[in-house]
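1. build me a model from this:
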Amino acid sequence: MEFKGITLVTGAAGFMGSHLVEFLAAKGVRVRASARPRKDTSFFDRLGVEYVPADLTKPETLPGLFEGEVDRIFHLGAICNFSTPYESLAPTNVEGVKRITELALKKGVKRYVHVGSSSVYGYYQGTPFREDSPRNPQDFYGRSKRDGEDVVWGRIREGFPAIITRPCTVYGPRCNDGAGKAFSRPSSITAIPGSGRQLLSNVRAEDVAAAVYHLSLTDEAVGQAFNLAEDTHPTLEEALTLAAQAFGTKPAATHLPLWLVKIVAKIDGAISARKGSIPDLELDAVKYLYADYVVDNSKLKGAGYRMIYPDFRQSMKQIGEWYRANVGRR
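-> Residues are numbered from 1 along each chain as shown. Alright, predicted model coming up:
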């Protein structure tokens, strides 16, 4: 499939969205970036990218996104945290998907790529998550992402040319939210949660961008779901140690029992709720640390995608170099 028209990216001001816009601009793609109204559009201005503000919860703001020859959509617009209740997530993560896909259907776009989350699988059941694994989310965020996915599956049955992707923990330059921030910037983590032997699955933001672009060009990917994950699965202790080495901080040397981590998370959550902010340590995120979390990426590689950063260890060395060159000198 070739795309000569406008490629719309929703959630373009977010961490993953900004990396995708950057990637597409470098490819010479005609990009229309969108997110909620904002005063600072300098990031998009520097890239020479059109920015059109819109709000997924306000239907009247969305038709303008489809003006002109829009033939491809990457939908990343979402609320991404474990602390927001379902009733506050659904207007964006579910109803927003309904609105954007309805307009895309009417427009007759050639391709819609939905960027979801591996959180739809729920807690680890002892075997790597594959795309046909049961979806059994155990938290508000995971349920909202599953329900948003179900909207897309329904559209696919109507003949909508959509692809669903499920990134796991995303990290990389400019990450300031979610679990991936522990591997993206200097951290104040002073203890290793639990045994530290829990296996992890991560993926660089640059690979998310490149993978969804690759899939958008692959006709055989239409109507299917794809996990987005690296090849390697470091332990939690190894990952935190590599991050400390990358950013020149002191590695955590002690272990904190998970029951105590949960108490700390509850306290942090209560304090943050009073401030109206999202806590750094979210209780529902801690619950994932009681077991491994391994995501299988063989289907993505079978579709012809080759990872830019397949190995977490090498990736952390590179991100440390990036940090020292771009942030450490400031």
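2. can you pull the buried residues of stretch 253-272?
-> Buried residues in stretch 253-272, counting neighbours by 16 or more other C-beta atoms under 10 Å, are found at 256, 258, 261-262, 264-265, 268-269, 272. Any C-beta I mention is one placed from the backbone N, CA and C, and that applies to glycine too.
3. burial measure for Pro37, as a count.
-> Residues lying near Pro37 (other C-beta atoms under 10 Å) number 11.
4. please name the residues that touch the residue nearest to it when sequence neighbours are not counted.
-> Distances taken as C-beta to C-beta, 6 or more residues apart in numbering place Pro53 nearest to Pro37, at 3.9 Å, with adjacent residues excluded. Shown in contact with Pro53 (C-beta atoms under 8 Å, 6 or more residues apart in numbering): 34-38, 61.
5. closest to Ser315 out of those?
-> Ala35 (26.7 Å; C-beta to C-beta).
6. what residue, apart from its backbone neighbours, is nearest that closest one spatially?
-> Among residues not flanking Ala35 along the chain, Ala13 sits closest, at 3.7 Å (C-beta to C-beta, 6+ apart).
7. Thr241 too?
-> Pro251 (4.7 Å).
8. ok, the one you found touching Glu238?
-> No: applying C-beta atoms under 8 Å, one finds Pro251 not in contact with Glu238, separated by 10.3 Å.
9. and these two? which has more neighbours close in?
-> Glu238 (18 against 14).
10. pLDDT value on the more buried one, please?
-> Note for Glu238: predicted pLDDT of 97.
11. again, but for Ala252
-> The score at Ala252 is 89. That number is its pLDDT.
12. how close does it get to Leu242?
-> 12 Å (C-beta to C-beta, to the nearest Å).
13. same question for Thr254.
-> 18 Å.
14. could you do Val113 as well?
-> According to C-beta to C-beta, Val113 stands 31 Å off from Leu242.
15. out of the two, which sits in the more crowded spot?
-> A count of neighbours by other C-beta under 10 Å puts Val113 above the other of Val113 and Leu242, at 26 against 21.
16. I figured the more buried one hits Ile100, correct?
-> No: using C-beta under 8 Å, Val113 makes no contact with Ile100, being 11.9 Å away.
17. need the residues touching each of these two.
-> 73, 75.
18. need the contact partners of stretch 258-265.
-> With contact meaning C-beta under 8 Å, 6+ apart, stretch 258-265 is reached by 193-194, 256, 279, 281-283, 285-287, 289-290.
19. kindly report the same for stretch 306-322.
-> Against stretch 306-322 from outside (C-beta under 8 Å, 6+ apart): 171-173, 183-184, 202, 204, 206-207, 210, 230-234, 239, 242-243, 245-248, 297, 301.
20. ditto for stretch 173-192
-> Stretch 173-192 is contacted from outside by 15, 18-19, 80-81, 169-172, 202, 205, 236-237, 239-240, 242-244, 247-249, 252, 254-256, 278, 285, 316, 319, 322-323, 326-327, using C-beta under 8 Å, 6+ apart.
21. now, of these, which are buried?
-> Applying 16+ other C-beta under 10 Å to these flags 15, 18-19, 80-81, 169-172, 202, 205, 236-237, 239-240, 242-244, 247, 252, 256, 278, 285, 316, 319, 323 as buried.
22. which of these fall in helices?
-> 15, 18-19, 205, 236-237, 239-240, 242-244, 247, 285, 316, 319, 323 (DSSP state H).
23. got the residue ranges for the strands in the stretch 201-330 of the chain?
-> 202-204, 225-228, 254-256 (DSSP state E, counting those that start in this stretch).
24. of all those strands, which one is nearest Arg46?
-> Arg46 lies closest to strand 202-204 among those, at 21.8 Å (C-beta to C-beta).
25. by contact count, what packs against that closest one?
-> strand 169-171, helix 312-326 (3 or more C-beta pairs under 8 Å, 6 or more residues apart in numbering; DSSP states H and E).
26. for Ala162, which of the ones you listed is the nearest?
-> So among these, strand 169-171 is nearest, using C-beta to C-beta, at 20.8 Å.
27. what's the first helix or strand after that closest one?
-> Per DSSP states H and E, the first helix or strand lying C-terminal to strand 169-171 is strand 191-193.
28. what strands line up against that following strand, and which way round?
-> Applying DSSP bridges to the sheet, strand 191-193 is found paired with strand 254-256 (parallel).
29. off-centre distance for the partner strand?
-> Counting by C-alpha atoms, centre = their mean, to the nearest Å, strand 254-256 is centred 28 Å from the centre of its parent chain.
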